[in-house]
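> Coordinates only, no sequence provided:
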DNA sequence: AGGTACCGTGGGAGCGCTCCCACAAGTGAT
DNA sequence: ATCACTTGTGGGAGCGCTCCCACGGTACCT
């Protein structure tokens, strides 16, 4: 516990100036110590640190932000309604990774939801006011105007999951294509012949890549690709139920399902159960995310693990780098960074 | 879309001064318009607003914070690990209410987790730096030092669920005592004789009040209160399972269970199932919170509804009031506000 | 000895606002 | 006509920091 010296008249917080006076040095020197500049002698540094401790000095963030033109805060923007955020483990895992990566830092994380139009408007104001140094954007749809707005405002940004193959923002993603291939190859290896796919939201690039992986894996194994076996979902449980019902109707002979998320698989499982299909005896099921849901499902769900926490960390690293060299996040020339992390199939009883 | 005039040399954002020049008025006047002061003539106001629109002016928050000594931000502090936050609907409901109440405001909401020691330390720094105007504290345990720290820093704060009957901070809570009574009276009314109670965390005041309500309801109905029928839980699902197992062992003759949360009830249900007890035939089950879980359980769970979203709103209202009159949140004399909202029993098939 | 190079340091200027005092102009009572 | 007040406005001072230039001191070269 630092003792809190009651410097200054009004009992207010001590300022740099007061610390300087106490330590018998100038303002600039204290600033240098606070900010870890190497151009300070050891003796002076010690004296300043002592004064800081005695006075219980804490820098005034507003003053610093004004003078240095930075906020030491970044925002995690979730362009989804809050309910989605809470119901899909993807987000909480991501948040955990981000939080962990940030805990070694002075940076503060803000969580901002922008699901409704109203919220989006507030967000626009917020960004225009430059209240954060950078932005992490998760779950962005193809036509979202947010990324372009960020470029225009010259706010560093990192996106989780590029919007397209030609994404201009720095992005971090898992290997959706490869992950889907792993899933399908696994099912083929288990002797399944008629493998259906419940997709994610089609306006999410990653969902498209999973479809590509699904198709290519089948094709290369010499299977025919039947579009009747592909049914769009939306990453939600309800979507999984609906899609599964549609698939069962169209192709009652299917013997395997690859779902674009664990939550989707959970929905599919329900419908399969109600239709009297046993898992994995009649129908093998594979999900995506390897979230807590997969482990707790009955039977436990085979799933493609994305290193979501790692992705969160990677996003922070990239973002902080961009913030550090105050460079707008629009990639220039070779600078553009599209990080892709490997996935891993976790086999369980459902397949 | 406002056109963004490229004022100033470096293409930077326009300042108050530039807006003033453009509108042909003084800095002070623009400030008055921006802040909605009534002491501005209509003509001047219109001119300033036009200039603001033309230039795409957005106030610099850091400068404002420095000059006015406020941040226009409040923090929602969750002194729990993130997992808890995501797994218990209580928090997301609360967040929704808070968010809704705040959306009419200029205030920004920050979500801060302080589950680990490390996070708590960061939080302390954060608060000491006065980076927020006020704090909303949810789920506080009896021995938590946070509230006192806030008082000492003179940061307005509102707590959800007082720490004790003598809480000094402004608080908002639901009627835990009354809610528990409703639950137990309901079970008695249904003819149940041996009613067990799985409590919440005992260091949470609200959990104690529910125990009081449970006891008093039984007593007044002429039932004997048997402490063997009370088993401590911790609001979690695992806690519910464990507690239920303990109760079944001690009092296999029980015919009803009142759980301190829906999540707890879900855990209890599992254990009951595994023990071959039917719900509600053999054992009636009542939860607390009336969260989504209650509606989706099988059978649907009777539960005590707390108006959590309303509580969030109320907390914001009280907090903003305290912030507005820059008064430390330590209640003085009659000023102290302890708001209690009524609960409501929602009867479903589980009882 | 003088010159050049750095190092550590002090402090002025300025970031973009809000606050408040001063002042001009208008209003109405005396 | 004078005074007293009100209303709207301009602009100085200052919030607490960072940035950067200038300066004295020491070290090493010629």
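That came through, no problem. From a predicted model like this one, the values you see are computed outputs, not experimental measurements.
> Going by C-alpha atoms from here, please, whenever you check contacts or count neighbours.
Fine.
> residues from chain A in reach of DNA strand D?
Taking C-alpha under 7 Å from any atom of the strand, the part of chain A that reaches DNA strand D is made up of A:12-17, A:27-28, A:31-32, A:34-35, A:58-61, A:63-64, A:66-68.
> and whichever residue of the stretch 251-351 of chain A sits closest to chain B, how far is that from DNA strand D?
Residue nearest to chain B within the stretch 251-351 of chain A: residue A:292 (11.1 Å; C-alpha to the nearest C-alpha). Computed as C-alpha to the nearest atom of the strand, to the nearest Å, the residue A:292 to DNA strand D distance reads 43 Å.
> That residue: neighbour count?
Neighbours of residue A:292 under the rule other C-alpha atoms under 10 Å in any protein chain shown: 13.
> How about residue A:15?
Residue A:15 has 17 nearby residues by other C-alpha under 10 Å.
> Now it: phi and psi?
Backbone geometry at residue A:15, expressed as degrees, to the nearest 10, gives phi -110, psi 170.
> give the contact list for it.
A:57, A:59, A:60 (C-alpha atoms under 8 Å, 6 or more residues apart in numbering or on different chains).
> separation between the closest residue to the last one other than its chain neighbours and residue B:273?
Nearest residue to residue A:60 in three dimensions, chain neighbours excluded: residue B:129, at 6.1 Å (C-alpha to C-alpha, 6 or more residues apart in numbering or on different chains). With distances defined as C-alpha to C-alpha, to the nearest Å, the gap from residue B:129 to residue B:273 amounts to 52 Å.
> between these two, who's got more neighbours?
residue B:129 (17 against 11).
> Assess the claim that the more buried one and residue A:56 are in contact.
No - using C-alpha atoms under 8 Å, residue B:129 is not in contact with residue A:56, being 10.7 Å away.
> Mind telling me what element residue A:124 is part of?
helix A:117-128 (DSSP states H and E).
> Likewise for residue A:171?
Per DSSP H and E: strand A:170-174 holds residue A:171.
> buried ones in the next helix or strand after that strand?
Toward the C-terminus, strand A:170-174 is succeeded by helix A:176-189 as the next helix or strand (DSSP H and E). Going by neighbour count (16 or more other C-alpha atoms under 10 Å in any protein chain shown), the buried part of helix A:176-189 is A:176-188.
> And the contacts of the strand holding residue A:171?
A:157-162, A:306-307, A:311, A:314-315, A:318, A:329-331, A:336-343.
> Let me see the mean pLDDT of that strand.
The average pLDDT within strand A:170-174 is 94.
> In the sheet, which strands lie alongside that strand, parallel or antiparallel?
strand A:157-160 (parallel), strand A:338-341 (parallel) (DSSP bridges).
> CSV please, covering those and showing mean neighbour count and mean pLDDT.
Shown next, in CSV, are the strands paired with strand A:170-174 (neighbours: other C-alpha atoms under 10 Å in any protein chain shown; pLDDT from 0 to 100):
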stretch, mean neighbour count, mean pLDDT
strand A:157-160, 27, 94
strand A:338-341, 17, 92
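> Nearest approach to DNA strand C belongs to which of these?
strand A:157-160 (22.1 Å; C-alpha to the nearest atom of the strand).
> Residue A:127 and residue B:60: what is the separation?
Computed with C-alpha to C-alpha, the distance linking residue A:127 and residue B:60 is 11 Å.
> Residue A:166 now?
In terms of C-alpha to C-alpha, residue A:166 sits 34 Å off from residue B:60.
> of those two, who's got more company?
Just comparing residue A:166 and residue B:60: by other C-alpha under 10 Å the higher neighbour count belongs to residue B:60, 18 against 8.
> correct me, but that one touches residue A:129?
Yes - in terms of C-alpha under 8 Å, residue B:60 counts as a neighbour of residue A:129; the distance is 6.2 Å.
> can I see the domain layout of chain A?
Using automatic domain parsing, the domain parsing of chain A gives A:16-59, A:73-174+A:309-341, A:176-305.
> Need those in CSV (columns: distance to residue B:222).
Shown next, in CSV, are the domains of chain A (distance: least, C-alpha to C-alpha, whole Å):
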stretch, distance to residue B:222
domain A:16-59, 59
domain A:73-174+A:309-341, 43
domain A:176-305, 43
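> re the thing from before, packing partners of the helix holding residue A:124?
Applying 3 or more C-alpha pairs under 8 Å, 6 or more residues apart in numbering or on different chains; DSSP states H and E, we find helix A:117-128 packed against no helix or strand.
> Buried residues in that helix, which are they?
A:119, A:120, A:122, A:123, A:124, A:126, A:127, A:128.
> Give the closest residue to the second one in space, chain neighbours not counted.
In this case it means residue A:120. Closest residue in space to residue A:120, ignoring its immediate chain neighbours: residue A:114 at 4.8 Å, by C-alpha to C-alpha, 6+ apart.
> I'd say the one you found and residue A:77 touch.
Yes - if you go by C-alpha under 8 Å, residue A:114 and residue A:77 touch, sitting 7.0 Å apart.
> got any ranges where chain A has weak pLDDT?
A:1-11, A:326-336 (pLDDT under 70).
> can you pull out the strands in it?
Along chain A, counting by DSSP state E, strands occupy A:73-78, A:108-113, A:134-138, A:157-160, A:170-174, A:195-198, A:230-231, A:256-259, A:284-289, A:302-305, A:338-341, A:344-346.
> Just send those back as TSV, with distance to DNA strand C too.
Listed next are the strands of chain A as TSV, based on distance: least, C-alpha to the nearest atom of the strand, whole Å:
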stretch	distance to DNA strand C
strand A:73-78	18
strand A:108-113	21
strand A:134-138	19
strand A:157-160	22
strand A:170-174	28
strand A:195-198	50
strand A:230-231	51
strand A:256-259	50
strand A:284-289	45
strand A:302-305	46
strand A:338-341	33
strand A:344-346	49
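> List just the one of those that sits closest to residue B:324.
Checking these against residue B:324 by C-alpha to C-alpha gives strand A:108-113 as the closest, at 23.3 Å.
> Just list what that closest one packs against, helices and strands only.
strand A:73-78, helix A:89-102, strand B:108-113.
> would JSON lines of these with mean neighbour count be doable?
Listed next are the helices and strands packed on strand A:108-113 as JSON lines, based on neighbours: other C-alpha atoms under 10 Å in any protein chain shown:
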{"stretch": "strand A:73-78", "mean neighbour count": "20"}
{"stretch": "helix A:89-102", "mean neighbour count": "20"}
{"stretch": "strand B:108-113", "mean neighbour count": "20"}
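> Take these and lay them out in CSV including distance to residue B:48.
Formatted as CSV, the helices and strands packed on strand A:108-113 follow (distance: least, C-alpha to C-alpha, whole Å):
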stretch, distance to residue B:48
strand A:73-78, 31
helix A:89-102, 41
strand B:108-113, 25
